[in-house]
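**Student:** one predicted model, sequence on top.
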Amino acid sequence: MEIGNRNFSYVIDHEGRNLSFLDLKSGKDYLADDSTSFCAYVKKDKVLYHPSAVNLSGEQLEIRFDSAAVVAYVSFQSDKDRVIFKVDSVAGKLDALTFVNIPLKLEAVPDEPFAACLLSLNLKTHVQQLPALQDHLWATSYEKFGLSGAEAAMIGVPQQEILPAIRTVMKSAADIPFSDKGGAWAQSNKEGYGSYLMDFGTLTEKTVDEWIARCDSLGFNQIAIHGAHYFFKNGDLELHKDKWPGGWADFKKINARLHQAGISSILLTYAYFIEKSSKYVTPVPSEDLGYFNAFTLNADIGAGDTEVEVRESTAEVSNIIGYFIQNSVTLRIGEELVEFAEVTKTPPYKFRGLKRGVNGTRAQAHAAGEKGYHLQQMFGLFVPGPETGLFNEIARKTARIVNENNFDGIYFDAIDGNNMLGGKENAWHYGSKFVFETARHLKPMVGMEMCDMPHHYWHYSSRWQAWDKAVRGYKRFVDVHMAALKSNDHRHGEWIGYTGSINRLAPMNDGRLMLPLHMGWWGNHTWEPPQVETTFPDDMEYLLCKMIGNDAGLSMLGGTDEKTLNEKPLFRKLVALTRKYERLRQQGYFSEAVKAQLRQPGKEFTLVEENGKWGFRPVTYQKHTVSGLEGGWSLDNPYDGQPVRVRIHPLMSVAPFEAAGNIMLADTGDLERLKPDGAAAGVTGSISKSAGGDALVFTAHHDGSSPREGAWIKWQKVFEPCLNLKTHQGMGAWIKGDGSGALLNLRLESPKHLSMGGRGDHFVKLDFKGWRYFELVEVESAAFNDYLWPDEYHNVYNSYLYKVVFDCVDKLQVWINNVPAGKTVSAEIRVVKALPLEELTIENPVVSIGKNTLTFPVKITPGMYLEYESMSDCRLFSPQGAFIQNVVPSGTALAALPGKNDIRMSVKTEGKVLPRVSVSVMTKGKMLED
């Protein structure tokens, strides 16, 4: 049986097996052939059933699932640029019908000649993958939302025709509120390419001119008002009267002023989330507030009682809450809100330690049989039930505010909490329902952004995807972000990728979603060891170059007001850099040939003006950490021989290993406490004591089943209660390497409800043999995505943004990764201790490159940095970037020959503590050619 049009031919047999999916122009079959697939399947009582027979009558398929006692009738209608599939009826009982299922061997990236896409045409139809490029055409309808009437449009066209084809389909999609500002129209709207400055409650009629000037200082052309908490209460969406006494009428005037200055205005809300002080909560909570479960009171309670017994089990109820934790300790009983401290896990089931009449409600007596609703909470906020009038009311109110006050866009922040709206499996439906309800009432339509994206959101999205900021590993974070934007992962700040996928995806000129790209909510930082790194100008230039290469905008979180710029002069340099680059990007100044070079991951450039023309010169910033009084390494100069620039940046040291008060993290007594905790496919390992009994031996064998970069194994030690390491944030470890090149990772973690999942990774490459002592301070980030880790570690923020909470560390993990195929590697660990961090002043650093040596007559404390540009330009700066003094080096100017250069550094200090110094050396090449 063949289904198709002028562009593609889809063939199945009479038992429902997929036989081919042909691009008729090239004759290439794109059906995945690594296993047998079926055109459809049903799920019934958690069991999947494939078709037993498929019969074609005209343009309707009768798909029989005899083992499930189900028959589905699916019609199709072919047109020149699409085929529409519709579920006409279903006989029998089932939970879900997948009525399109075609796995493809497309990579679904912009440089392929053929593109395929399946578009959901209503809220009954779940399509997992996002438009515009897909590698698995899949659509499902559910009994919960109605099986009949589900509808999807299948497109298979030459790559350059995919967006026009989607536009044609969506113009006639009666059940999808139409938008010409996002999705297939996004690339033709300039709003998606802008950059915005974010405000957190200070944009008023009095300050609007200051904000316009601040935008100009960055070269930005948009402002986003971060409404959540700062401008209004979530849910209410009414402006705080102390700053905007006239309410939204005041903001209409502000937007008019911004528009006069050529600046767009974006309304940022927390979507459907509700503040606990909102009118929907206090003084009388709405019955429409969403809840996890309902409990029946087993006895009367008075207004002062501090426990309540319920008939249903409370064994699964938790009292752990946190910003990202989807849980509350709040019950709604009638018109009262009650917070509980604990629950019983066995009968009689009780909520105990009750705090009565919270959030401005009134404590009341309640009768047996009354219901207590365990309210849903995330981000410290409640939500409405997704099938309630309140849910729709908030969406309509959002649209009305945009309409009446002439906002140019909406950012639905926190919409990634959509899996609370009926469970994770229904998040696609209810999140889309909220977006649809908002879009249906927008006049005129505006572009939208979301921090999450089920399939339907794409049609409204004007750009993709503003991740949160990094606080370390900035350059690598930019590459990871850029590659993730072009991949098939729609989760906010989450991506499973490493060097191979970064190098494949990041250089592309477009992404899988074919939306304007956005480099996120950026924030600059000064030094805050061991988890926050200084944002140096070369970090900012790296970001700005990738923005130009991808024509991607940026969102600046702050750090641009005059008070902050005076306190942190480094930021003033970064703001000036941003304006210079951003003005040229928005002018479209550079050719595609130059932009293609700028997109290359790991490649660095600096903007220069030569002969009246702006261009880029390639640069290298090679960074090395010297531990101890001296050290030597190799400097690779890929360019002509030249003078070099050097940055000397002392880091925190740690107390001596044997000092009193250090905290033991692991030793040979932990053989039984370090439990195996997972391994990659084909990796096995063991832990034992060494022959002499003075060390723990960790071994890992890899049979070749996993890529080397993802050949990992893990052991874990749990601290109960958690350790307070607030004054001991460094580590010292004696480690014996085997020279294998495998990676040893000593990771500290805190409970997720405190740290949001922050990882305290510390990498040691086993490229040495014998015993060595390692002082481990900075939390690793930049090298994390050089390797593959288990799926639960895909959250990028855990490495680059979130922090270990050192006053509550509950885990030490020992990982071995990067195990060569067919090899067994080992690492011996004698002792691991937590050590205090210490500030150590270094004196008179000496740097030698080849035969040239310079001495810098200066004292530098951690966080300060010395920048050597030339013999006449050498300056010392504070951790905040304030100029401290000029330094006059003595010796011979530093220069690098082409290729390998030997480099050494030595410093002087006092006492037994060893210095740790970061040294960066910069060389540069010739201007890029068009």
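**Tutor:** Cool, the structure landed. Numbering: from 1, shown residues only.
**Student:** surely residue 703 meets residue 822?
**Tutor:** Yes - Residue 703 is within contact range of residue 822, at 7.0 Å (criterion: CB atoms under 8 Å). Glycine gets a C-beta too; all of them are placed from N, C-alpha and C.
**Student:** these two: which is more packed in?
**Tutor:** residue 703 (14 against 9; other CB atoms under 10 Å).
**Student:** ok, and the closest non-adjacent residue to the more buried one?
**Tutor:** The shortest distance from residue 703 to any non-neighbouring residue, by CB to CB, 6 or more residues apart in numbering, is to residue 682 (4.2 Å).
**Student:** what's the answer for residue 647, then?
**Tutor:** In space, residue 647 is closest to residue 920, 4.2 Å off (CB to CB, 6+ apart).
**Student:** got the buried residues for stretch 585-603?
**Tutor:** For stretch 585-603, burial by neighbour count (16 or more other CB atoms under 10 Å) applies to 585-586, 590, 594-595, 597-601, 603.
**Student:** could you do stretch 247-258 as well?
**Tutor:** 248, 250-251, 254-255, 258.
**Student:** so can I have CSV of the residues you listed showing distance to residue 217, pLDDT and secondary structure?
**Tutor:** CSV is the format used below for the buried residues of stretch 247-258 (distance: CB to CB, whole Å; pLDDT from 0 to 100; DSSP: H, G, I helix; E, B strand; the rest coil):
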residue, distance to residue 217, pLDDT, secondary structure
248, 28, 96, helix
250, 25, 96, helix
251, 23, 96, helix
254, 19, 98, helix
255, 21, 98, helix
258, 15, 98, helix
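**Student:** and which of those is nearest to residue 220?
**Tutor:** The closest of the buried residues of stretch 247-258 to residue 220 turns out to be residue 258 (CB to CB; 11.6 Å).
**Student:** among the buried residues of stretch 585-603, which pair sits farthest apart?
**Tutor:** Across those, the longest distance by CB to CB is 23.6 Å; it joins 586 and 601.
**Student:** how is this structure partitioned into domains?
**Tutor:** Per automatic domain parsing, the domain ranges recorded for the chain read 2-176, 191-274+386-460, 474-602, 620-652+839-924, 663-837.
**Student:** re earlier: can you tell me how far the residue nearest to residue 647 is from residue 828?
**Tutor:** Distance check for residue 920 against residue 828: by CB to CB, to the nearest Å, it reads 33 Å.
**Student:** same check on residue 32?
**Tutor:** Per CB to CB, residue 32 is found 45 Å from residue 828.
**Student:** same check on residue 766?
**Tutor:** Shown here: residue 766 relative to residue 828, a distance of 10 Å by CB to CB.
**Student:** pLDDT on the biggest helix by length in the chain, on average?
**Tutor:** If you go by DSSP state H, the chain has its longest helix at helix 569-587. When pLDDT is averaged over helix 569-587, the result is 98.
**Student:** next, the buried residues of it.
**Tutor:** So for helix 569-587, counting by 16+ other CB under 10 Å, buried means 570-575, 577-578, 581-582, 584-586.
**Student:** for stretch 359-377, same thing?
**Tutor:** For stretch 359-377, by 16+ other CB under 10 Å, it's 359, 361, 363, 366, 372-377.
**Student:** what about the residue lying closest to residue 313 once chain neighbours are set aside, neighbour count?
**Tutor:** Distances taken as CB to CB, 6+ apart place residue 349 nearest to residue 313, at 5.7 Å, with adjacent residues excluded. Neighbours of residue 349 under the rule other CB under 10 Å: 19.
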